[in-house]
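Peer 1: Please find the sequence and the predicted model below.
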Amino acid sequence: MEYEMEYEAVIGMEVHVELNTKTKVFCGCRADFHAPPNTNVCPVCLGMPGVLPILNKAAVEASVAVGLALNCAISRWSKMDRKNYFYPDLAKNYQISQYDLPLCYDGFLPIDGEEGPKRIGVTRAHLEEDTARNVHTIGKNESGVDFNRSGVTLLEIVTEPDIRSAQEAFNYLTGLKQVLQYLEVSDCNMEEGSLRAEANISVRPKGSEAFGTKTEVKNVASFSGVQKAIEYEIERQIAVLREGGRIEQETRGWDDRKGVTLLQRTKESAHDYRYFPEPDLPPIVVDEAWEDSIRASLPELPRDRKARFEESYGLKPYDAGVLTATKAMANYYEAVLAAGAPAKPAANWVMGDLQALLTDGRIDIADCPITPEHLAEMIQLIEDGAISGKIGKEVLQDMFTSGKSPKELVKEKGLEQISDAGELEGIVAQVIAENPGPVADYKQGKKKALGFLVGQIMKATQGRGNPKLVNEILVRELSKE
Ligand SMILES: [Zn+2]
């Protein structure tokens, strides 16, 4: 692409993630917005006059955990602020957020960059409350406001403008989501809005230090949508500059169907939020002891687990990446190993045949009908030569649908490999007798004929003949005559 010679993109991300605290951030209402509209509400989250918010301790702990996982410093002392604006989804006309003193700051997330590993700086992660949800009923001439979401714990994570391409933005979002899921602080469901990503995008002549004017792309429903929107926006901005135009600072939306970004709001209509300190909440004090106890409770994070899988199990980086993509997958794999399976065959079965069955059935590995112990048992049957790898695939399928143990299935269906020399000798003799042509060919030096005869024996044993033994006996018998 020609423009890459002249311009580079400068991208920063803002991600809002709903933390799965049981109750809301400033009141005791259940944080469950799947409930019927306006059932998880109280005077605090409805924004009634005169009520007082109380900060949820679990929300602070989850936020600090995210901050630590993103290598942030944690503020010993921070505070909440009011962000003022008027909108139907915000009954008290301000959102309680954090302005100049965020809870977490100055961190980074390592990602795979365009030119190798790189760190994306995390400027800040601050705690705030979610707004209510406006519901517009199509076809009916009315709108409603559902306050179940009002006051749900929200963490906003802002990066430095360190991202240089749409692919890097995608890698950052994927890496961030992985960390959040390993921490089990959010379901990160983009379709339901528990994770929302916005990108600030500008371009500048390559080699330039100054930033170009940025646009903000909002309301994109998927990571791949964000990636496409950024790609589009980079090209659009470069085209404007090429034609001698100017980039206007504005907010743009993404039309996934048309594959274009569209103007939503210009800078002239941007809000002045008149931030000021929230007078109804005391400062948040996280002392060293509290920070340390949260740090001690952190699980092994995705990058560390991947490195350990490579190191301890001798897996290739790609395989280790697949097996640690989700915590559930990594846990399943390690449970198979704990049940006695060797690392490499276990990796191949989990990533290959088992993953295919799960994908087909749209089943998450956390709900896998095959227990790790059963999978380990099946791998052991193959390792011991009791069944062939090919039969193993059949058994796996049956285990998946029946939930039965592999030993049980092998016995039930008579699938044990025939490793009894006497039994195989009889079958070999019969195949030799029935195929004089290929036998003669083999004896005249046509080695290909051997493959045909092996095939006939495997057919006669329904694939159960021990291949090594079948070969040995056949070659021996053929050389006799
Ligand atoms: Zn409430």
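Peer 2: Perfect, I can see it now.
Peer 1: Now do the strands in the stretch 151-300 of the chain.
Peer 2: 153-159, 195-205, 215-218, 250-255, 260-266, 276-277, 284-285 (DSSP state E, counting those that start in this stretch).
Peer 1: so residue 265 bridges to which residues?
Peer 2: Applying DSSP bridges to residue 265 gives these bridge partners: residue 251.
Peer 1: no, scratch that, I was asking about residue 155
Peer 2: Beta bridges link residue 155 to residue 17, residue 127, judged by DSSP bridges.
Peer 1: So it sits against residue 124, correct?
Peer 2: No: if you go by C-beta atoms under 8 Å, residue 155 and residue 124 don't touch, sitting 10.3 Å apart. Any C-beta I mention is one placed from the backbone N, CA and C, and that applies to glycine too.
Peer 1: what sits against the residue in the stretch 251-400 of the chain positioned nearest to the ion?
Peer 2: Taking C-beta to the ion, the ion has its nearest neighbour within the stretch 251-400 of the chain at residue 280, 14.6 Å off. Contacts here follow C-beta atoms under 8 Å, 6 or more residues apart in numbering; on that basis residue 280 touches 52-53.
Peer 1: Could you report the pLDDT at the closest residue in space to residue 388 that isn't next to it in sequence?
Peer 2: Distances taken as C-beta to C-beta, 6 or more residues apart in numbering place residue 417 nearest to residue 388, at 5.7 Å, with adjacent residues excluded. We have a pLDDT of 79 for residue 417.
Peer 1: I figured residue 417 hits residue 389, correct?
Peer 2: No: if you go by C-beta under 8 Å, residue 417 and residue 389 don't touch, sitting 10.4 Å apart.
Peer 1: Mind checking which of the two has more residues around it?
Peer 2: residue 417 (21 against 12; other C-beta atoms under 10 Å).
Peer 1: where in this structure is pLDDT low?
Peer 2: The model of the chain has pLDDT under 70 over residues 1-5, 268-270, 481.
Peer 1: cutoff 80 now
Peer 2: Within the chain, the stretches with pLDDT under 80 are 1-5, 33, 137-140, 267-271, 385, 414-417, 419, 480-481.
Peer 1: okay, how far is it across stretch 350-364, tip to tip?
Peer 2: 13 Å (C-alpha to C-alpha, to the nearest Å).
Peer 1: I'd like to know how far the residue of the stretch 251-400 of the chain closest to the ion sits from residue 55.
Peer 2: Distance of residue 280 to residue 55, computed by C-beta to C-beta, to the nearest Å: 10 Å.
Peer 1: Who are the contact partners of the residue of the stretch 51-200 of the chain found nearest the ion?
Peer 2: Using C-beta to the ion, the closest approach of the stretch 51-200 of the chain to the ion is made by residue 151 at 5.5 Å. For residue 151, the contacting residues are 24-27, 29, 31, 44-45, 129-130, by C-beta under 8 Å, 6+ apart.
Peer 1: and the residues you listed as JSON lines, adding distance to the ion and secondary structure?
Peer 2: Below are the contacts of residue 151 laid out as JSON lines (distance: C-beta to the ion, whole Å; DSSP: H, G, I helix; E, B strand; the rest coil):
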{"residue": "24", "distance to the ion": "5", "secondary structure": "coil"}
{"residue": "25", "distance to the ion": "10", "secondary structure": "coil"}
{"residue": "26", "distance to the ion": "8", "secondary structure": "coil"}
{"residue": "27", "distance to the ion": "3", "secondary structure": "coil"}
{"residue": "29", "distance to the ion": "3", "secondary structure": "coil"}
{"residue": "31", "distance to the ion": "9", "secondary structure": "coil"}
{"residue": "44", "distance to the ion": "5", "secondary structure": "coil"}
{"residue": "45", "distance to the ion": "3", "secondary structure": "coil"}
{"residue": "129", "distance to the ion": "10", "secondary structure": "strand"}
{"residue": "130", "distance to the ion": "12", "secondary structure": "coil"}
